[in-house]
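Q: Sequence first, predicted model second:
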Amino acid sequence: MLRIIVWPVVATISVLVFKDQIRPLLLNIRKFGPSGVEIHAPTQNASGFDEIIEPELVLPPDIESDPVAREIYASVISAFEGFSDQEKLSRLYFSLTYRVLEKDFYRVYLGIFGSQIRVLELLNASPVTRDKLEADFLQFRDAQPPLSAWSLDQYLKYLFDWRLISEETELFKITSTGNMFLVFLASQQLDKNKSL
């Protein structure tokens, strides 16, 4: 009787103790059954900024009839009072540019790993040597079975594709785009503790 009861108790305690380590693995289970568990390696598809979203310059047909949209429109007009036409155009162009960038930042967020956000935060504090980042990555990778076949370059490719980081003479740095992405995460209150 004791043998029958022990294994479910041990399994339950193990799940509770190691839940943070198990959660990312559950997202990567490809097959589960009597023959065992098959976990697939995570993938990141990044077109990066090679495929920049063009700004949508055509207004939706019903925007003029929407009371909320009219209020926003009135507040935009009010915000530009006192500026010359050239200043208004310049500010509108920069505002539209940032809105397009925000759309891309949402795309970045959908595919980024939580650990890659932590790499950005680390680089935001100061540049890091390749050797240091490689050592940290290998230690992290050993605790993440889905990443067991990844190299540091594969792991950082997503950040490079989106131009969030750069490497100069064996030193990794965050870019101004990477800085803006971190500000975007904070301003949108997006969860930085994503899986992996």
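A: Good, I have the coordinates. Numbering: from 1, shown residues only.
Q: Now the lengthiest helix in the chain: average pLDDT?
A: If you go by DSSP state H, the chain has its longest helix at helix 85-111. For helix 85-111, mean pLDDT is 89.
Q: List the buried residues for that helix?
A: 101, 104-105, 107-109, 111 (16 or more other CB atoms under 10 Å). For the C-beta atoms, the positions are set from N, CA and C on the backbone; glycine is no exception.
Q: Distance from it to the middle of the chain?
A: 18 Å (CA atoms, centre = their mean, to the nearest Å).
Q: For the next helix or strand after that helix, which helices and strands make contact with it?
A: Sequence order places helix 114-125 as the next helix or strand after helix 85-111, per DSSP states H and E. For helix 114-125, the contact count by 3 or more CB pairs under 8 Å, 6 or more residues apart in numbering; DSSP states H and E identifies helix 152-161, strand 165-168, strand 171-174, helix 176-187 as packing neighbours.
Q: closest one to L89 among those?
A: helix 176-187 (22.3 Å; CB to CB).
Q: what about the closest one, average pLDDT?
A: The average pLDDT within helix 176-187 is 96.
Q: Show me which positions of it end up buried.
A: Using 16+ other CB under 10 Å as the test for burial, helix 176-187 gives 177-178, 180-182, 184-185.
Q: what's the angle between it and helix 114-125?
A: Per axes from the mean of the first three to the mean of the last three CA atoms, to 10 degrees, the angle that helix 176-187 makes with helix 114-125 is 120 degrees.
Q: For helix 176-187, give me every contacting residue.
A: 49, 101-102, 105, 108-109, 117, 120-121, 123-124, 159, 162-165, 174, 190, 192 (CB atoms under 8 Å, 6 or more residues apart in numbering).
Q: That helix to helix 152-161, inter-axis angle?
A: Helix 176-187 runs at 80 degrees relative to helix 152-161, counting by the same axes, to 10 degrees.
Q: can you give me how far helix 176-187 is from the chain middle?
A: Relative to the centre of its chain, helix 176-187 is centred 10 Å away, using CA atoms, centre = their mean.
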